[in-house]
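K.L.:
what's the 3D shape of this:
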Amino acid sequence: MNKSELISALSKKEGLTEKQASDTVNLIFKSFSAELQKGNRIEIRGFGSFVVREYNAYTGRNPKTGGVIQVAPKKLPFFKVGKDLKEKVNSGK
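P.N.:
Below is the predicted model of the structure:
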């Protein structure tokens, strides 16, 4: 499912216009992004949690040239699946 399919499903299930459903989905995504940018954790019980992981700088290799390069430290969002979702996926229900 992609974003436009999510908007369509929300629109049909809740009787919203496409605009209302789009605004709702965009609000949720913007809120998630803003919280992760602040370094906060997002937890949705039964689904999973989003956290920001920090990675230190390291020496890597350019795969094209084989040359050594310095990779800067970075932060990346990480999703950890919740117990309920994991069980649902594994049971096929």
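K.L.:
what distance separates stretch 38-45 from the centre of its chain?
P.N.:
Here stretch 38-45 is found 11 Å from its chain centre; the criterion is CA atoms, centre = their mean, to the nearest Å.
K.L.:
now residue 6, nearest residue through space, not along the chain?
P.N.:
residue 25 (5.9 Å; CB to CB, 6 or more residues apart in numbering). The C-beta positions use only the backbone N, C-alpha and C, and glycine is treated the same way.
K.L.:
neighbours of the one you found, how many?
P.N.:
When counting by other CB atoms under 10 Å, one arrives at 17 neighbours for residue 25.
K.L.:
how about residue 7?
P.N.:
Here the count is done by other CB under 10 Å, and residue 7 has 20 residues near it.
K.L.:
wouldn't it be in contact with residue 18 here?
P.N.:
Yes. Counting by CB atoms under 8 Å, residue 7 does reach residue 18; the two are 6.5 Å apart.
K.L.:
just the helices in this protein please.
P.N.:
Secondary structure of the chain, counting by DSSP state H: helices at 3-14, 18-37, 83-91.
K.L.:
could you export the second one as CSV, CA atoms only?
P.N.:
Spelled out, that is helix 18-37. Output for helix 18-37, consisting of C-alpha atoms alone and laid out as CSV, is shown next (Å, rounded to 0.1, in the frame of the first residue of the first chain):
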residue,chain,number,x,y,z
GLU,A,18,-10.4,12.7,-0.6
LYS,A,19,-9.2,16.1,0.5
GLN,A,20,-10.1,15.4,4.2
ALA,A,21,-8.4,12.0,4.1
SER,A,22,-5.3,13.5,2.4
ASP,A,23,-5.1,16.3,5.1
THR,A,24,-5.4,13.7,7.8
VAL,A,25,-2.7,11.4,6.5
ASN,A,26,-0.4,14.4,5.8
LEU,A,27,-1.0,15.7,9.3
ILE,A,28,0.0,12.3,10.8
PHE,A,29,3.1,12.1,8.6
LYS,A,30,4.2,15.6,9.3
SER,A,31,3.7,15.1,13.1
PHE,A,32,5.8,11.9,13.0
SER,A,33,8.6,13.7,11.1
ALA,A,34,8.6,16.6,13.4
GLU,A,35,8.8,14.4,16.5
LEU,A,36,11.7,12.3,15.0
GLN,A,37,13.5,15.5,14.0
